[in-house]
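> Provided below are the primary sequence and the corresponding predicted coordinates.
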Amino acid sequence: MLNPRRGRLEDGTGAERVLRAKSFRVLELLLARRGELVAKDDLLRNAWPDVIVSDDSLAQCISDIRRALGPRGAPLLRTVPRRGYVLEDEEEAPAKALPRRKVRQGMVVAAAIVMAGLGWLWLPAEPVAPPETLGQAMTASALLDGRDWQRRESNEQARTLLEAAVEDDPGNAAAWADLGLTYWLEVRHLAWGGGRREMARAIEMVERAVALGGAASAHRLLAEMRLLSPFPEMRSPVDALANARAAVTIDPAEADNLAVLAHVLALTGHGAEAVRLIERALRLDPSPPDWYRHVAGLSYLVVQEPARAAEAFGALHGAGTFTGMRWWPGWLLASSFAQAGRTDEAAAIIRAAEGRRPERSIAAVAQSLDGWTDRDSLERFLDGLRQAGLPG
């Protein structure tokens, strides 16, 4: 059910099916003309009234909608090649979808809801089995979205499903990108032990997704990997910047795309543009993930605003400051404090790192900061750590 009063898609129990804001808007437009062909141009014009975007942005929204509708509702959203999309009425759906009696029962309930003025979308009462590949890819994507960062089981299960999906459908760009993500996570999480082999496979698979016409998310992921690979021979700031800009070109209204581009720009010395983009991303997402604040703090540090950087990193400081992934906000927070004149607080963070991080010197920290290619801002950051008392 599409519940416009609460601004969300719900299943039969009232639980939310997550949709991005643009995907929700596209579904609203399709529902308003249910049973009719809605041209791509109409959807682009009404969903992105003030922004010029490509068809890829719309295709990503359609994919999001089908995933959210699940096996019961996805077959109702039909693609008309080169023209647009149709959200079919249940009784106009393919005959195999539901027994006619069940369809008519669903339509009676849907009509009652519409007459009540709620404007909700009623989904079929019986499940419709999707193609095997679609089911594997959707299940894997759900596992990746809801993964527990302390465990590898979900990642490994997702990989198994995705390997089967790309074997069945080698042209599935989204499945290739997700498969590459499973290998990238092996590398990003130190405790998982991924090395050069996993890094090479991650890049190869996401590059294949991009070559197959992958959505903005594939370009975004490739930018992240080319920027932050712990193996210098696999890093390429030029490629990272090109892919991050491609992601924003495809979908400029997606906050994740803006945040990744800001990250690339900050680490390559384009601090002013990075600040502008990450602040825009934060406006678009009122409940941003922690890594947005990380990028914001880094961007402020690059443009020599350490007080603002300390404020951004401060929200991340705590038990996880020196654990987890290869980027540690603790070092950045300490340098921000030192550069802002709060040396005692900076020194306390350095002391807290003792026994929790393998780095014991400025050189060791510098080596661990994958992807920071702008020498001027990197040296200012390291000098802050010297002021805080880190040897070297």
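Received, thanks.
> so residue 38 is in which element?
When secondary structure is defined using DSSP states H and E, the element that contains residue 38 is strand 37-39.
> packing partners of that strand?
Under the contact criterion of 3 or more CB pairs under 8 Å, 6 or more residues apart in numbering; DSSP states H and E, strand 37-39 touches strand 84-87. Any C-beta I mention is one placed from the backbone N, CA and C, and that applies to glycine too.
> any idea how far the strand it packs on is from the chain center?
26 Å (CA atoms, centre = their mean, to the nearest Å).
> pull the CA atoms of it into PDB?
As requested, C-alpha coordinates have been extracted for strand 84-87 and formatted as PDB (Å, rounded to 0.1, in the frame of the first residue of the first chain):
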ATOM      1  CA  GLY A  84       7.800   4.300 -20.600                       C
ATOM      2  CA  TYR A  85       6.100   2.300 -17.900                       C
ATOM      3  CA  VAL A  86       2.700   1.000 -16.900                       C
ATOM      4  CA  LEU A  87       1.500   0.300 -13.400                       C
END
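> list the contacts of it.
27, 30-31, 33-40, 42-43, 62, 76-80 (CB atoms under 8 Å, 6 or more residues apart in numbering).
> show me what the one helix or strand residue 155 maps to is packed up against.
When secondary structure is defined by DSSP H and E, residue 155 falls within helix 153-168. For helix 153-168, the contact count by 3+ CB pairs under 8 Å, 6+ apart identifies helix 132-145, helix 173-188 as packing neighbours.
> for the ones you listed, which has the smallest mean pLDDT value?
Averaged per stretch, pLDDT over the helices and strands packed on helix 153-168 is lowest on helix 132-145, reaching a mean of 56.
> follow-up on the earlier one: buried stuff in the strand holding residue 38?
Judged by neighbour count using 16 or more other CB atoms under 10 Å, the buried positions of strand 37-39 are residue 38.
> buried ones in whichever helix or strand comes after it, by neighbour count?
Once the chain leaves strand 37-39, the next helix or strand it forms, by DSSP H and E, is helix 40-47. With burial defined by 16+ other CB under 10 Å, the residues of helix 40-47 counted as buried are 40, 43-44, 47.
> can you redo those as JSON lines with distance to residue 22 and pLDDT?
JSON lines is the format used below for those (distance: CB to CB, whole Å; pLDDT from 0 to 100):
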{"residue": "40", "distance to residue 22": "14", "pLDDT": "86"}
{"residue": "43", "distance to residue 22": "10", "pLDDT": "88"}
{"residue": "44", "distance to residue 22": "11", "pLDDT": "84"}
{"residue": "47", "distance to residue 22": "6", "pLDDT": "86"}
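> which strands or helices does the host helix or strand of residue 202 pack on?
Secondary structure assigned from DSSP H and E places residue 202 in helix 196-211. Contact partners of helix 196-211 among helices and strands, from 3+ CB pairs under 8 Å, 6+ apart: helix 173-188, helix 216-228.
> mind exporting the first one as PDB, just the C-alpha atoms?
In PDB, the C-alpha atoms belonging to helix 173-188 read as follows (Å, rounded to 0.1, in the frame of the first residue of the first chain):
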ATOM      1  CA  ALA A 173      24.800  -5.100 -14.000                       C
ATOM      2  CA  ALA A 174      23.300  -4.600 -10.600                       C
ATOM      3  CA  ALA A 175      24.200  -8.100  -9.500                       C
ATOM      4  CA  TRP A 176      27.800  -7.700 -10.700                       C
ATOM      5  CA  ALA A 177      28.100  -4.500  -8.700                       C
ATOM      6  CA  ASP A 178      26.800  -6.100  -5.600                       C
ATOM      7  CA  LEU A 179      29.100  -9.100  -6.100                       C
ATOM      8  CA  GLY A 180      32.000  -6.700  -6.300                       C
ATOM      9  CA  LEU A 181      30.800  -5.000  -3.100                       C
ATOM     10  CA  THR A 182      31.100  -8.300  -1.200                       C
ATOM     11  CA  TYR A 183      34.800  -8.500  -2.100                       C
ATOM     12  CA  TRP A 184      35.400  -4.900  -1.300                       C
ATOM     13  CA  LEU A 185      33.900  -5.400   2.100                       C
ATOM     14  CA  GLU A 186      36.400  -8.200   2.600                       C
ATOM     15  CA  VAL A 187      39.200  -5.700   2.100                       C
ATOM     16  CA  ARG A 188      37.600  -2.800   4.000                       C
END
